[in-house]
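Trainee: 3D model of this:
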Amino acid sequence: MDQHNAWDFETQYKQILFKLKLEDFKLKVKNLSGGQKKRLSLAIILINRPDLLILDEPTNHLDLEMIEWLESYFAKENITLFMVTHDRFFLERVCNEIIELDNGKIYQYKGNYSYYLEKKEERIASENSSVDKAQNLFVKELEWMRRQPKARTTKSKSRQDDFYVIKEKAQSRRKENVVELEINMERMGSKIIELHKISKKFKDHIILDNFSFDFQRGERIGIIGKNGTGKSTFLNLLTGTIPLDSGKVVVGDTIKIGYYTQSGINPKPGQRVIDVIKEYGEFIPLMKGRLISASQLLERFLFDSKKQYDYVEKLSGGELKRLYLCTVLIQNPNFLILDEPTNDLDIVTLNVLESFLLDYPGCLLVVSHDRYFMDKIVDNLFIFRGQGEIENFPGNYSDFRAYEDSADVAQKEDNKAEKKDWKQNNPTGNLTFNEQKEYQKIEREIKDLEIEKAKIEHLFSEGKVADADIATKAKELEKIISTIEEREERWFELSAKIEG
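Mentor: Model prediction:
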């Protein structure tokens with residue numbers, strides 16, 4: 001017992017199970033959910049205190065509290081970790097070496113995720129420089145090779161061999177995987193989605209209790225909370241997938257919801273990848289009136305011409321997620337709901353998805369445990385505390401953690417209605433909670449209005465406005481300019497308070 005430090009074994013395993021939210025020791029393993037079974041297998045490994053631990057996507061199906069506990073656990077334990085993960089915060093805080101598989105080669109980086117990004121950029125720049133030099137030499141050598149056969153004597157045999165080496169090098173320019181998601185979005189009206197005192201509970205488990213909220217144009221809201229607090233249920237209530245106990249959800253006439261669920265895609269037996277997309281049409285509308293075919297769209301989602309005719313059941317988990325995401329986005333939604341969109345997506349696809357979402361002009365509502373992802377794309381949070389308590393927080397996940405870490409329990413109770421000074425050097429620190437939201441909203445509104453203004457001005461400058469529509473378009477432009485001036489005036493008022 002002394003040799004194996006076993007006297008404290010019961011305390012240790014209970015602590016780990018408690019942290020992984022496996023508190024009912026009498027539960028039958030066969031009755032556990034998929035996420036609970038994954039947490040149990042993780043607990044068994046941690047209890048055994050291995051010297052080497054191999055993990056495949058360890059943060060999937062863990063809530064943020066568990067992930068952060070796991071990070072701190074690995075930080076203090078003397079364990080060699082070898083893992084596959086797309087959780088970039090986890091890579092940043094836990095790993096001190098990264099191995100990358102890229103274009104059939106392995107690259108090693110002695111550092112965390114930030115170091116990896118920096119050094120990878122330097123490597124690619126160096127590779128492209130070498131390729132550019134090879135291409136210049138290749139052009140000269142190609143001219144020589146194309147001369148009359150008599151010019152290629154036995155003496156020039158070595159030069160011919162060198163030519164093929166140069167050719168291979170010149171044609172080795174890196175092929176970047178780029179997913180272009182410039183889908184044309186339907187225009188939004190003034191009414192988005194209104195939640196009027198909605199409530200839902202399952203027996204004694206309260207999900208929502210008279211919750212009200214009025215979504216505004218361009219809002220980007222993330223939802224976080226422990227597993228079981230009702231995050232996914234909230235999305236299903238919002239979309240009418242499950243019924244409310246009381247209250248109502250009012251959806252604006254112009255709102256078209258795109259809902260990416262955790263259940264994923266449900267292909268028909270024997271269905272091919274191209275057939276899934278063609279169900280939504282042979283051609284897809286893009287910005288500026290352009291069209292692309294279903295096949296071209298799939299290529300932009302990294303499905304080459306051969307892969308498009310694979311059976312859907314042959315796809316990997318990440319490919320299925322990518323295909324499903326494609327089917328949601330091509331339906332042209334202006335209110336996008338994403339439930340754990342980062343699970344099983346590789347980092348390349350994640351970066352592209354983030355770039356698209358940063359430019360997405362519609363409303364965005366996201367449930368995710370990927371802190372890096374949430375930090376980049378949301379500017380407001382719903383914190384699901386459990387038993388129907390939902391806190392509206394102005395900021396991203398790092399802002400929320402900074403606030404939580406800097407305020408003790410008493411301060412948080414005092415600041416529920418008005419959260420001030422929760423972030424050091426916060427640019428909106430002199431504003432009230434509601435004024436912070438208004439300030440962020442006005443900035444988004446002005447951006448959207450400027451885009452609308454530029455579109456109409458372009459039509460006039462190109463002479464593309466029909467005579468019968470000139471008066472209407474002129475009034476529309478006048479109204480947009482007037483609204484911009486009003487919003488800018490209010491923006492300056494709030495800016496003055498910040499500076500004051």
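
Trainee: for R490, what are its contacts?
Mentor: Contact partners of R490, counting by CB atoms under 8 Å, 6 or more residues apart in numbering, are E438, I442. Quick note: C-beta positions are derived from backbone N, CA and C, even for glycine.

Trainee: Let's verify it: helix, strand, or coil?
Mentor: Assigned by DSSP: H, G, I helix; E, B strand; the rest coil, the conformation of R490 is helix.

Trainee: Give me the residue ranges of the stretch 251-400 of the chain where confidence is low.
Mentor: The model of the stretch 251-400 of the chain has pLDDT under 70 over residues 286-288.

Trainee: show me where it has helices.
Mentor: Here the stretch 251-400 of the chain has its helices, by DSSP state H, counting those that start in this stretch, at 273-278, 294-300, 317-329, 347-359, 371-377, 397-406.

Trainee: and if you look at the stretch 401-500 of the chain?
Mentor: 409-414, 433-461, 470-499.

Trainee: between the helices of the stretch 251-400 of the chain, which gets nearest to E127?
Mentor: Comparing the helices of the stretch 251-400 of the chain by their distance to E127 (CB to CB), the top pick is helix 347-359, with 16.8 Å.

Trainee: name the helices or strands packed onto that closest one?
Mentor: helix 317-329, helix 371-377 (3 or more CB pairs under 8 Å, 6 or more residues apart in numbering; DSSP states H and E).

Trainee: now the helices of the stretch 401-500 of the chain in a markdown table, with distance to V249?
Mentor: Formatted as a markdown table, the helices of the stretch 401-500 of the chain follow (distance: least, CB to CB, whole Å):
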| stretch | distance to V249 |
| --- | --- |
| helix 409-414 | 30 |
| helix 433-461 | 21 |
| helix 470-499 | 28 |
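
Trainee: Dump the ones you listed into TSV; add mean pLDDT and distance to G362 as well.
Mentor: Putting the helices of the stretch 401-500 of the chain into TSV (pLDDT from 0 to 100; distance: least, CB to CB, whole Å) gives the following:
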stretch	mean pLDDT	distance to G362
helix 409-414	53	33
helix 433-461	78	10
helix 470-499	81	19
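
Trainee: Quick check: which of those helices is buried the most?
Mentor: Of all the helices of the stretch 401-500 of the chain, helix 433-461 has the most neighbours on average by mean count of other CB atoms under 10 Å, namely a mean of 15.

Trainee: Let me know the angle separating it from helix 470-499.
Mentor: Put simply, helix 433-461 runs at 150 degrees to helix 470-499, going by axes from the mean of the first three to the mean of the last three CA atoms, to 10 degrees.

Trainee: Point out the most buried one among the helices of the stretch 251-400 of the chain.
Mentor: Ranked by mean neighbours (mean count of other CB under 10 Å), the helices of the stretch 251-400 of the chain are led by helix 371-377, with a mean of 22.

Trainee: What helices and strands are in contact with that helix?
Mentor: Applying 3+ CB pairs under 8 Å, 6+ apart, one finds that helix 371-377 contacts helix 88-94, strand 220-225, helix 347-359, strand 363-367, helix 397-406.

Trainee: Return it as PDB; C-alpha atoms alone will do.
Mentor: C-alpha atoms of helix 371-377 as PDB (Å, rounded to 0.1, in the frame of the first residue of the first chain):
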ATOM      1  CA  ARG A 371     -12.400  28.800 -26.600                       C
ATOM      2  CA  TYR A 372     -10.100  29.900 -29.400                       C
ATOM      3  CA  PHE A 373     -13.000  29.700 -31.800                       C
ATOM      4  CA  MET A 374     -15.400  31.600 -29.500                       C
ATOM      5  CA  ASP A 375     -12.800  34.300 -28.800                       C
ATOM      6  CA  LYS A 376     -12.500  35.100 -32.500                       C
ATOM      7  CA  ILE A 377     -16.100  35.200 -33.600                       C
END
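
Trainee: So what's the gap between it and the chain middle?
Mentor: Offset of helix 371-377 from its chain centre (CA atoms, centre = their mean, to the nearest Å): 7 Å.

Trainee: Export the helices and strands packed on helix 347-359 to JSON lines and append columns for distance to E57.
Mentor: Formatted as JSON lines, the helices and strands packed on helix 347-359 follow (distance: least, CB to CB, whole Å):
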{"stretch": "helix 317-329", "distance to E57": "10"}
{"stretch": "helix 371-377", "distance to E57": "15"}
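
Trainee: Go through the ones you listed and name the closest to T85.
Mentor: Nearest of the helices and strands packed on helix 347-359 (CB to CB): helix 371-377, 11.3 Å.

Trainee: Quick check: which element contains D2?
Mentor: If you go by DSSP states H and E, D2 is not part of any helix or strand.

Trainee: do E118 as well
Mentor: Per DSSP H and E: E118 is located in helix 113-145.

Trainee: any idea of the mean pLDDT in that helix?
Mentor: Across helix 113-145, pLDDT averages out at 75.
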